[in-house]
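[1] Here you go, sequence then predicted model.
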Amino acid sequence: QSVLTQPPSVSAAPGQNVTISCSGSYSNIGNNYVSWYQQLPGTAPRLLISDTNKRPSGIPDRFSASKSDTSATLAITGLQTGDEADYYCETTDNNLSVLFGGGTKLTVL
Amino acid sequence: QVQLVQSGPEVKKPGASVKVSCKTSGYTFISYGISWVRQAPGQGLEWVGWISGYNGKTHYAQKFQGSVTLTTDTSTSTAYMEMTSLRSDDTAVYYCARDEVYSTGWFDHWGQGTLVTVSS
């Protein structure tokens, strides 16, 4: 069971918008950055968002993220079939140990 | 371009050890750290530990303290993860990922993964 809680699955149609939540506590999300990763089937994860809301170069601005208190949210606008993947949030605890959310499977209907 | 290339798949018996390598290129090795993350079949991501490419300082997930050793060879820009006393539930894909140099952070480049299968 992950310390960071994500919904197991979300779904939406192409062109629609979707959000994925990540819930933690003051000992992790509340006091640290949050990052988000996309994992396409059979591939290594890819960094989507670093330092809570920063997109690395090459990541489309359809992907954005925010944090409030002990929760974080990844938003994807204008869904495409290629966005179908597993999404993970990540942060550290107060001992600088890395924590991952359990992952959310995004289905583009 | 930044690349992390991992060693090939391994099959080990319970109780054995395994050592996975992660050869990096395209950046200054000592300016970053390396984290190791594993993913059991059909499961989520699990952080194993971190090592600084600068000074070899390590930080392990509590679960892996004593069973995992992370090392680096700065002459070849390569990181290693050795896991001992393997059990069947250590069967997973193990990834190396580029991390911050002084502490854990986020992982901006990943290796392709190494499947470690533990089976009698």
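    Perfect, thanks for sending it.
[2] contacting residues around the nearest residue to residue A:16 once chain neighbours are set aside?
    Nearest residue to residue A:16, sequence neighbours excluded (CB to CB, 6 or more residues apart in numbering or on different chains): residue A:79, at 5.3 Å. All C-beta atoms are positioned from the backbone trio N, CA, C, and that covers glycine. Residues near residue A:79 by CB atoms under 8 Å, 6 or more residues apart in numbering or on different chains: A:12, A:13, A:14, A:15, A:16, A:17, A:18, A:108.
[3] what's the longest strand that chain A contains in contact with?
    Criterion DSSP state E: the longest strand present in chain A is strand A:85-92. The contact list for strand A:85-92 (CB under 8 Å, 6+ apart) reads A:4, A:6, A:20, A:22, A:24, A:28-29, A:32-41, A:45, A:48, A:72, A:74, A:98-101, A:103-106, B:44-45, B:104, B:106-107.
[4] How many residues are close by the closest residue to residue A:109 other than its chain neighbours?
    Distances taken as CB to CB, 6+ apart put residue A:13 closest to residue A:109, at 4.8 Å, once the chain neighbours are dropped. Neighbour count for residue A:13, taken as other CB atoms under 10 Å in any protein chain shown: 9.
[5] ok, residue A:13 to residue B:95 distance?
    Distance, residue A:13 to residue B:95, using CB to CB, to the nearest Å: 32 Å.
[6] what do you get for residue A:7?
    24 Å.
[7] ok, those two, which is more surrounded?
    For the pair residue A:7 and residue B:95, the greater number of neighbours falls to residue B:95 (25 against 15), based on other CB under 10 Å.
[8] for chain A, what are the nearby residues on chain B?
    Applying CB under 8 Å from any CB of the partner chain, we find that chain B lies next to chain A at B:35, B:37, B:44-47, B:50, B:59, B:61-62, B:95, B:97, B:103-113.
[9] Show me which of these are buried.
    Taking 16 or more other CB atoms under 10 Å in any protein chain shown as the criterion, what is buried in those is B:35, B:37, B:44-47, B:50, B:59, B:61, B:95, B:97, B:104-111, B:113.
[10] Could you pull out the strands in chain A for me?
    Secondary structure of chain A (DSSP E): strands at A:9-12, A:18-23, A:35-39, A:46-49, A:63-68, A:71-76, A:85-92, A:98-100, A:104-108.
[11] Export the longest one to CSV, keeping only CA atoms.
    So that's strand A:85-92. C-alpha atoms of strand A:85-92 as CSV (Å, rounded to 0.1, in the frame of the first residue of the first chain):
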residue,chain,number,x,y,z
ALA,A,85,-0.5,5.2,-20.0
ASP,A,86,0.2,4.8,-16.3
TYR,A,87,0.9,8.0,-14.4
TYR,A,88,2.8,8.2,-11.1
CYS,A,89,3.3,11.0,-8.6
GLU,A,90,6.5,11.1,-6.6
THR,A,91,7.9,13.1,-3.7
THR,A,92,10.2,12.6,-0.7
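[12] Distance check, residue A:70 against chain B.
    Separation of residue A:70 from chain B (CB to the nearest CB, to the nearest Å) stands at 19 Å.
[13] pretty sure that residue is touching residue A:29, no?
    Yes. The pair residue A:70 and residue A:29 qualifies as a contact (CB atoms under 8 Å) at a distance of 5.0 Å.
[14] Return every residue with contacts to both of those two.
    Counting by CB under 8 Å, 6+ apart, the contacts common to residue A:70 and residue A:29 are residue A:23.
[15] The two: which is more packed in?
    Counted by other CB under 10 Å, residue A:70 and residue A:29 do not tie: residue A:29 has more neighbours, with 27 against 16.
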